[in-house]
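[1] here is the input, now give the coordinates:
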Amino acid sequence: MSKPRLPLRLRKKHGSGLRRDVSADDGARVAGEQSIRDALIAGLVVIIVFCILFVSLSSLVDRVFPWMTVLLGAMLGYAVRRAGRGVDWRFPVLAAVLALVGSMVGNIVVAASSTADTLGTGTLHVLRSVTSMTWPVYFDERLTAADGFYAILAAALAAFLANRRLTRSQYYALRLWRERSDGHQN
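    Predicted structure coming up:
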């Protein structure tokens, strides 16, 4: 005898609630897929592409948008997640550091581009001509509190988006692997 179906009950779209057959070896496989090197390379590529887009947009509209670095943070977080496939603390830290560095580099390249337009020369020529006397002037005249705020916001967003999203069974397998690894160290 089966229970009668209630007419207002919605159909279950989730599993039975039983744990899947996963082991610590599956967790080791998930942890083994991580790659700091791939995440770093992807992050550097994103920074280069972002600088090109940032300079192009700033030159096109003849205006600098400091909030663009927040987009850099989102792009970096996603790139670190996809390329690095990280599940531990190293990947959000890497994404945050790359976002801070990328924000600074982007602002420097945009400032060099606008200076190059004023001087009638190329951006790379201006960047090669930078001396130790140029940096204090840059930080006093070009870098604002808004740039710092957006860089920190970009770093937070990148760190939030950097870790790989796991399924329940992957998370359980990773937890089993970590518990087994901690048990062997004691």
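[2] which stretches of this structure have low pLDDT?
    By pLDDT under 70, the low-scoring segments of the chain are 1-6, 10-20, 183-186.
[3] contacting residues for the most centrally placed residue in it?
    Centroid-nearest residue in the chain, with Cα atoms, centre = their mean: residue 77, separated by 1.8 Å. By Cβ atoms under 8 Å, 6 or more residues apart in numbering, residue 77 lies in contact with 95, 99, 157-162. Yep, even glycine has a C-beta here, placed from its N, CA and C like the rest.
[4] hmm, try it at 10 Å
    With contact set as Cβ atoms under 10 Å, 6 or more residues apart in numbering, residue 77 has these partners: 43, 46, 91-92, 95-96, 98-99, 154-163.
[5] the longest helix seen in the chain - contacts with which helices or strands?
    Secondary structure of the chain per DSSP state H: the longest helix is helix 90-119. Contact analysis of helix 90-119 by 3 or more Cβ pairs under 10 Å, 6 or more residues apart in numbering; DSSP states H and E lists helix 36-61, helix 68-84, helix 123-128, helix 134-141, helix 145-162 as its packing neighbours.
[6] ok so, going back, what's the closest non-adjacent residue to the residue nearest to the centre of the chain?
    residue 161 (2.7 Å; Cβ to Cβ, 6 or more residues apart in numbering).
[7] wait, the one you found sits on residue 72?
    No: using Cβ atoms under 10 Å, residue 161 is not in contact with residue 72, being 11.8 Å away.
[8] of these two, who's got more company?
    Neighbour tally, residue 161 and residue 72, criterion other Cβ atoms under 10 Å: the higher count belongs to residue 72, 28 against 20.
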